[in-house]
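Mind looking at a prediction? Sequence and model below.
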Number of protein chains: 2
Amino acid sequence: MPPWFEEESLVVDDPNPVLEPAIAARLKRDEAGLVPAIVQQHDTGEVLMLAWMDDEALRLTLTTGRATYFSRSRGTLWVKGETSGHHQYVKSVALDCDGDTLLVQVDQVGAACHTGKRTCFFTQVQEGAQVHTSTQGDSL
Amino acid sequence: MPPWFEEESLVVDDPNPVLEPAIAARLKRDEAGLVPAIVQQHDTGEVLMLAWMDDEALRLTLTTGRATYFSRSRGTLWVKGETSGHHQYVKSVALDCDGDTLLVQVDQVGAACHTGKRTCFFTQVQEGAQVHTSTQGDSL
């Protein structure tokens, strides 16, 4: 065994990393083990999207600084921007008063929305039938 | 029958008001028929809380201008501020790109949180165990 082996294995050999128990104890998850995460641009206050996190997504978000979510449709974790390059660099994470919602403040690279718009909330809903696609948040 | 009766009944006699079909068709509700609603102070951008709406809560929010939600714990509609006086006057409602989340911009009277704080998101979550109650959003 080479002399560096043991040291290196100390770094990579964490077979079961878990979310810090003090945080996990505060989370109130839904039946699927998920918590909604509101994603907000940290400096402008713009609400970009809503995603979902399980414990592991929250742990990765906190430890890597890249927003990581749980895809309910695919049943897997995903790092935001992994394929699009539209990463979210995490500035802060807050939990609400009853522990069932997260607020993730990020620095969003490019578009948050898969449509290419800056934010997912570009459709205004108004009284009297009206669904109106805003010109704000146009494709980047 | 007094002469005004028929007119008056035209006003009150809407036995089954429903959410505008053009809006209802866009909503993707969860198994309980609900959609999460992110609530944001319209001018400062502060995210205040997350609540849930069914079709009727959204209809009332749009038609009365007072934010109205569905309480998952009590199983009933509630008008925000009805008992506390901490009303939310609705400025705009937007739907996200896939129709499963609402963003409600409001003018919040007083505290949004039942704890008396301005926002529900006063607990910072940080890497390394840390759950820290912010001094921001102190009781009003």
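Nice, I can see it.

all strands of chain A, in order?
A:35-41, A:47-53, A:68-71, A:76-79, A:88-95, A:102-108, A:123-126, A:130-133 (DSSP state E).

contact partners of the fourth one?
Applying CB atoms under 8 Å, 6 or more residues apart in numbering or on different chains, the set of residues contacting strand A:76-79 from outside is A:Asp54, A:Glu56, A:Ala57, A:Leu60, A:Thr64, A:Arg66, A:Ala67, A:Thr68, A:Tyr69, A:Phe70, A:Ser71, A:His87. (C-beta placed from N, C-alpha, C; glycine too.)

Filter those residues down to the buried ones.
Buried members of these, counted by 16 or more other CB atoms under 10 Å in any protein chain shown: A:Asp54, A:Ala57, A:Leu60, A:Arg66, A:Ala67, A:Thr68, A:Tyr69, A:Phe70, A:His87.

So the second one sits against A:Thr64, correct?
Spelled out, it's A:Ala57. No - with contact defined as CB atoms under 8 Å, A:Ala57 does not reach A:Thr64; the gap is 10.6 Å.

Would you mind listing the residues in contact with A:Ser84?
Counted by CB under 8 Å, 6+ apart, A:Ser84 has contacts A:Gly110, A:Ala111, A:His114.

what's the neighbour count on the nearest residue to the first one once chain neighbours are set aside?
In space, not counting the residues next to it along the chain, A:Gly110 is nearest to A:His86; the distance is 4.4 Å by CB to CB, 6 or more residues apart in numbering or on different chains. A:His86 has 18 neighbouring residues, counting by other CB atoms under 10 Å in any protein chain shown.

if we can go back for a sec, specify which member of the contacts of strand A:76-79 is nearest to chain B.
Chain B lies nearest to A:Thr64 out of those, by CB to the nearest CB, at 9.5 Å.

coming back round to it: turn the contacts of strand A:76-79 into JSON lines, including pLDDT and distance to chain B.
Converted to JSON lines, those look like this (pLDDT from 0 to 100; distance: CB to the nearest CB, whole Å):
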{"residue": "A:Asp54", "pLDDT": "97", "distance to chain B": "15"}
{"residue": "A:Glu56", "pLDDT": "96", "distance to chain B": "14"}
{"residue": "A:Ala57", "pLDDT": "97", "distance to chain B": "13"}
{"residue": "A:Leu60", "pLDDT": "96", "distance to chain B": "11"}
{"residue": "A:Thr64", "pLDDT": "94", "distance to chain B": "10"}
{"residue": "A:Arg66", "pLDDT": "97", "distance to chain B": "13"}
{"residue": "A:Ala67", "pLDDT": "98", "distance to chain B": "13"}
{"residue": "A:Thr68", "pLDDT": "97", "distance to chain B": "13"}
{"residue": "A:Tyr69", "pLDDT": "98", "distance to chain B": "13"}
{"residue": "A:Phe70", "pLDDT": "97", "distance to chain B": "15"}
{"residue": "A:Ser71", "pLDDT": "96", "distance to chain B": "12"}
{"residue": "A:His87", "pLDDT": "96", "distance to chain B": "18"}
